[in-house]
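# Sequence and predicted structure below; questions after.
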Amino acid sequence: MKTIPHNIFISSPKCLLISFEFKEFNRESITILQTVKADIELKFKNKVSYITSAFDSLLVILDENYPNLKNLKAELETILRDYTIDSNSENSFHTYEIPVCYKTFGQDLESLSKHSGLDVDEILKIHSEKIYTLYFIGFLPGFLYMGKVDEKLKIPRLKKPRPKVEKGSIGIAENQTGIYPNASPGGWQIIGRTPLEVFNVDKEPPATIKPGDKIKFKPIDEVAFNKILNENPSELKLL
Amino acid sequence: MIELLSSGFYTSIQDLGRFHYTNFGVPISGAMDKNLSELANLLVGNPNTEAVIEMTFIGPKLKFTSACIIAVTAYKARALLNGKSININHQVSVSPDDILEVTHIKTLAYLAVSGGLNTEIKLGSRSQYQMITSLSKCQKGQSIELKGSKAAFKIKNAAIKFDLTLYDRNTIFVNILPEYQELSNQTKELLVQKTFTISNESNRMAYQLEEKLENNLKGISSVPVMPGTVQLTPEGRLIILMRDAQVTGGYPRIFQLSDESLNILAQKSAQQHINFKILFQYEN
């Protein structure tokens, strides 16, 4: 049992902001944030309209203006005091394998190679060996923000964003790696593409991977890419 | 059915919004001015959850293929049915082949049809948004299906009183947000004393304000934001997030607009002036 340093801020008659002081963003911090979120959703089921999470904070929106926000704040304080992260909460997260065809689609691999001084094969090896944590989904509907990328692969965003990045593109920006769920403008350095559909508005939930889950990339060639794309683009494999 | 003979300046289908997918990066969306979108539904006997057509500045030219009861709501607008002027903020009966035009809109107008619109539902809402719905806004030549008028709902003369003078107000009521506390006293004073101008770069995602303020705040990591959140950019500009805003943002958060003020702001357009008034400071 431990109390995570935090602050609860009342920002309107129906909004509360909970921010945590994490020493760094890592799997533990995401786990805590997502577990607290789930707990609040459960305990205040009839009061909470929705909760938005980012790196280290939660925005809790209530259904209606709440007559006594101070009481609610006090109740939340009780949840956050003596908070326990047990092994069960760790178990509710999964590790997924995402196939990536790097060489055919990685249009920025060459500039990353120049920037890092590594050859393309080394880049592939470093990027695909690491297990990443999904920090959050945002920026675009379904965009997966993951980290942390090995220091050697760190690279700034493109100076000028591309008008169109293809659906499924895997990019790097600083120490984060991300997946574009749909074709859209974008400034991340593109190192490959997955045939998998990571976001589908006609599914409930629209994305299977959730914040706190882990991801490992598996290098595949163009033949395997096309096979998955044509046969089972929605089949996400657990590792 | 409704056929769109022209699309208007910016026309989209909106309901209350999409609330439960912010953790998938999906914006809330929904009608910019909930007062007048809900009034439109009320006038035709719909629950406030029904989708309406939101029109901006110049509305579309619409043709009805069946008889129905409609209402056009606006702060100011001109509505013509087959070229003849009709009342806004009132029930109106339309017949098959009637053509409706809404022009001179200040700034947003809403059209509700008795029974509601039967457009696609994506992630629990009919609100149009890029990459979520098949069309990101209404297009010329498109047909909008109707659920069908409820027979039980008869046209009534009883007008619903709604005080439109609230849109004359230029004062925007706000609550403070965390990074406000770190601003210098001088900037805090300026925020409530200065008159701000809405810039031309204002749309359903955000309204930008023209005046620049000093900004000595440190950058922050991405935090959750919502419609009505006021951010301060590194160059010292204020951005007020509107209904289609992203759900997280990396700029310091200064204010949160009250629900009513967000509706009032939605009806203002580029070059209009506003000022902020802090509603109440919670003991945080």
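Everything's here; your move. Fair warning: this is a prediction, and the values are worked out from it, not measured in the lab.

# Quick one: name the residues of the stretch 51-200 of chain B near chain A.
B:122, B:123, B:129, B:131, B:132, B:175, B:176, B:177, B:178 (Cβ under 8 Å from any Cβ of the partner chain). Quick note: C-beta positions are derived from backbone N, CA and C, even for glycine.

# Tell me which of those residues fall in strands.
B:175, B:176 (DSSP state E).

# just curious, which of the residues of the stretch 51-200 of chain B next to chain A is nearest to residue A:167?
Of all these, residue B:131 has the smallest distance to residue A:167: 10.1 Å, by Cβ to Cβ.

# Run a quick check on the closest one versus residue A:184, I expect a contact.
Yes: counting by Cβ atoms under 8 Å, residue B:131 does reach residue A:184; the two are 7.1 Å apart.

# neighbour count winner among those two?
residue A:184 (20 against 17; other Cβ atoms under 10 Å in any protein chain shown).

# Which strand residues bridge that one?
Beta-bridge pairing for residue A:184 (DSSP bridges): residue A:165.

# Common neighbours of residue B:131 and residue A:184, please.
Listed as contacting both residue B:131 and residue A:184 by Cβ atoms under 8 Å, 6 or more residues apart in numbering or on different chains are residue A:140.

# tell me the residue furthest from the middle of chain A?
For chain A, the residue at maximal distance from the C-alpha centroid (Cα atoms, centre = their mean) is residue A:67, at 34.6 Å.

# which SS class is that residue?
coil (DSSP: H, G, I helix; E, B strand; the rest coil).

# any idea how far chain B is from it?
Relative to chain B, residue A:67 is positioned 14 Å away (Cβ to the nearest Cβ, to the nearest Å).

# Ok, residue A:47 next?
Distance from residue A:47 to chain B, by Cβ to the nearest Cβ: 14 Å.

# Could you find the closest non-adjacent residue to that residue?
residue A:62 (5.4 Å; Cβ to Cβ, 6 or more residues apart in numbering or on different chains).

# and residue B:17, how many neighbours?
Residue B:17 has 19 neighbouring residues, counting by other Cβ under 10 Å.

# which ones are touching it?
Contacts of residue B:17 by Cβ under 8 Å, 6+ apart are B:28, B:29, B:30, B:31, B:125, B:127, B:243.

# just checking, the fourth one touches residue B:39?
No: Residue B:31 lies out of contact with residue B:39 (Cβ under 8 Å); the separation is 10.6 Å.

# Between the two, which has more neighbouring residues?
Between residue B:31 and residue B:39, counted using other Cβ under 10 Å, residue B:31 has the larger neighbour count: 28 against 21.

# Below-threshold pLDDT in chain A: ranges please.
Along chain A, segments meeting pLDDT under 70 span A:1-2, A:85-91.

# Same check on chain B?
B:149-159, B:282-284.

# at 50 what do you get?
Within chain B, the segments meeting pLDDT under 50 span B:152.

# domains for the chain, by residue range?
Picked chain A for this. Domain assignment for chain A by automatic domain parsing gives A:6-91, A:95-238.

# could you do chain B instead?
If you go by automatic domain parsing, chain B breaks into B:2-151, B:169-278.

# Give the buried residues for stretch B:123-138.
B:123, B:125, B:126, B:127, B:128, B:129, B:131, B:132, B:133, B:137, B:138 (16 or more other Cβ atoms under 10 Å in any protein chain shown).

# thinking again about what came up before, so which of the domains of chain A gets nearest residue B:256?
Comparing the domains of chain A by Cβ to Cβ, domain A:6-91 comes nearest, at 4.8 Å.

# Show me where chain A has its strands.
A:6-12, A:15-20, A:48-53, A:57-62, A:95-100, A:131-137, A:144-147, A:162-165, A:169-173, A:176-179, A:184-186, A:189-193, A:214-219, A:237-238.

# nearest to residue B:255, of these?
With Cβ to Cβ as the measure, strand A:6-12 is the member of these nearest residue B:255 (9.1 Å).

# Now list whatever residues contact both of residue B:31 and residue B:39.
Common contacts of residue B:31 and residue B:39 (Cβ under 8 Å, 6+ apart): residue B:110.

# which stretch among the domains of chain A comes nearest residue B:281?
domain A:6-91 (9.5 Å).

# next one: the closest one to chain centre, how far?
Relative to the centre of its chain, domain A:6-91 is centred 18 Å away, using Cα atoms, centre = their mean, to the nearest Å.

# repeat for stretch A:145-159
14 Å.
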